Structures are given as structure tokens and as C-alpha cells.
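Asks: next one to model:
(one chain, ligands or ions: 1)
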Amino acid sequence: MKISEIHFPDNVDVRAFESREALTAHLSALLQDQLSNAIKDKGRASLAVSGGSTPVPLFQNLSQAELPWNKVSITLADDRWISPDKPDSNEKLLRTHLLQGNARSADFISLWQPGCSAEEAIEACQQRLSAIDGRLDVVILGMGNDGHTASLFPCAVELRAALSSTADCVAVNPTTAPYARISLTPARLLNSELRILHICGNDKLETLAQALTSTPESMPVSLFLQHPLIIYWAP
Ligand SMILES: O=C(O)[C@H](O)[C@@H](O)[C@H](O)[C@H](O)COP(=O)(O)O
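Replies: The predicted model follows:
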């Protein structure tokens, strides 16, 4: 399937690149502009990013950007409920690839806390997230081939409640992916200035085409396709 063969609604801005390197350079520049403008306007900026393999080159590029990073709050769209010293932790992924170099001085807001379950941690996580006042300036979402985004999984019993929740975060127990998780809710993710869906590979195009004619209950990413969204895609 070619991306040019997919019909997108007017609220979706599709940016396709010949290579992942070209995508990374363009998206990093966009993020730097968005964060810089937010800092000029409000004195601070906020960014929520997803885990997974796709964003690693972007994180590495962005970490070297010349920004007043001490004025940037960074959090995760979701995390696996494991210690940040474990390889599959999204917090570990961020600390390894993004919170390095110039971006080391960013203010990271963790979803994880030790000594309790994801469900037990929700209240404290909500409290930590309240440090980000109002709309998130940028949200970067990924997508799995089951149509999940963040940790909003179609297989999870918690999904229906999460879709209508007004809270900032929710505990999720997917059956098709490892670990319990905490995910930002659609309400929190949609309370943002700029949302980006960052996906790579032809397999993701098939999933995207399905999501455009699907429902949030069966493919949660489809909810974000119903709102203003920029899609960054490379083969
Ligand atoms: O914790 C996670 O797994 C991510 O937040 C998840 O939502 C990710 O963005 C997708 O699974 C895509 O992952 P890839 O980029 O590895 O395809």
C-alpha cells in the first residue's frame, strides 16, 4: 500500500519522507520550534512522548537541540509498570536517549513509582502530572499494529472507561502486550496544542488505513484521527 492511496480527513496533515533520517530531522526541527515558541509565550513548554522503537532516533537528535531545556517539562504518554532500570521501561528509554546532552536539564515527570501497583499509583501520578499546567504543548504518539496508541489497547478491559475518563491517567492491563501499564487518557492527550503520530514502516500504513474506518473501541488510535493531527511517516 502507498500512503498516497489512503484518503485522510481534512483534520489530518500527512507528512511522508523518503527516509527515517529525513523524517527525524524535519520532526526534530518542528518540535524545537514548537517548544521554543511556547517558552517565549508562556515561559515554559511541555512535551509528552511515547515509548517503543520508532522514536529513538528522534530522541537522540532532539537531545542535542539548543533549547532552554530547564524550562521544558517532559512526561510519557505511557509506561510499563516496571522499574526504570529494566530494559523495557519507557522511562529507561527516555533517560537513555532523550534526557542526555543538552536535554539532560529538562524537568522529567515520571509515571512510575516503586512499591505499589499501577492502580494504586494513579492518584500520585495524577498529582505529579498536575505540575504541567493546562494544555500540553506537544504530544507524540506511536501506534501498534493492533491500533493501540500510548497504552490504550483494544484488548484491555479498562479501555472503555479510559475512553470516557476525565482523569489524566489510567491503569491498563493489556492481554496482548507485556506488563501492566499507566497511560495518559485520551482526555489528557487531546488537551494539547499539537499532536503528532510518528510511525515508520509499510505495515503501519495498513494499520492506519484500517484505523481511518474503525472505532476507538476497536482501534484506539482512530480517536486521534478524528481530531487535528500531524502524521509523520517514513518507510
Ligand atoms: O509503551 C509503548 O509500547 C508505546 O508507548 C507504544 O504505544 C508504542 O508507541 C507503540 O507500541 C509503537 O511501538 P514501535 O514504535 O516500537 O512500533
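
Asks: now the phi/psi pair for the residue nearest to Glu66 when sequence neighbours are not counted, please.
Replies: Leaving aside its sequence neighbours, Glu66 sits nearest to Asn102 (Cβ to Cβ, 6 or more residues apart in numbering; 6.4 Å). From N, CA and C alone the C-beta is placed, and that goes for glycine too. Per-residue torsions, Asn102: phi -60, psi -30 (degrees, to the nearest 10).

Asks: what of Ala171?
Replies: According to degrees, to the nearest 10, Ala171 has phi -90, psi 140.

Asks: would you mind measuring from it to the ligand?
Replies: Distance of Ala171 to the ligand, computed by Cβ to the nearest ligand atom, to the nearest Å: 14 Å.

Asks: please apply the same query to Leu31.
Replies: Leu31 sits 16 Å away from the ligand, going by Cβ to the nearest ligand atom.

Asks: Cys155 too?
Replies: In this view, Cys155 and the ligand are 13 Å apart by Cβ to the nearest ligand atom.

Asks: for the biggest helix by length in the chain, packing partners?
Replies: Looking across the chain with DSSP state H, the single longest helix is helix 20-42. Where contact means 3 or more Cβ pairs under 8 Å, 6 or more residues apart in numbering; DSSP states H and E, helix 20-42 is packed against strand 45-49, helix 56-62, strand 136-141, strand 192-200, strand 229-234.

Asks: contact partners for the closest residue to Gln100 other than its chain neighbours?
Replies: Using Cβ to Cβ, 6+ apart and skipping residues adjacent in sequence, the residue nearest Gln100 is Ser63, 4.7 Å away. Residues near Ser63 by Cβ atoms under 8 Å, 6 or more residues apart in numbering: His97, Leu98, Leu99, Gln100, Gly101, Asn102, Ala103, Arg104.

Asks: repeat that for 7 Å
Replies: By Cβ atoms under 7 Å, 6 or more residues apart in numbering, the contact list for Ser63 reads His97, Leu98, Gln100, Gly101, Asn102, Ala103.

Asks: thinking again about what came up before, mind putting the helices and strands packed on helix 20-42 in JSON lines, mean neighbour count included?
Replies: Listed next are the helices and strands packed on helix 20-42 as JSON lines, based on neighbours: other Cβ atoms under 10 Å:
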{"stretch": "strand 45-49", "mean neighbour count": "25"}
{"stretch": "helix 56-62", "mean neighbour count": "20"}
{"stretch": "strand 136-141", "mean neighbour count": "24"}
{"stretch": "strand 192-200", "mean neighbour count": "21"}
{"stretch": "strand 229-234", "mean neighbour count": "21"}
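
Asks: so what's the residue of the chain found nearest the ligand up against?
Replies: Relative to the ligand, the nearest point of the chain is Gly142 (2.2 Å; Cβ to the nearest ligand atom). Counting by Cβ under 7 Å, 6+ apart, Gly142 makes contact with Ser50, Gly52, Thr54, Pro55, Thr149, His198, Ile199.

Asks: how many other residues sit next to the nearest residue to Asn70 once chain neighbours are set aside?
Replies: Once flanking residues are discounted, Asn70 sits nearest to Ser105: 4.5 Å by Cβ to Cβ, 6+ apart. When neighbours are defined as other Cβ atoms under 10 Å, Ser105 has 13 of them.

Asks: let the chain start at 9 from now.
Replies: Let's use 9 as the start, then, which means that last one is Ser113.

Asks: now Ser113: how far from Leu213?
Replies: 37 Å (Cβ to Cβ, to the nearest Å).
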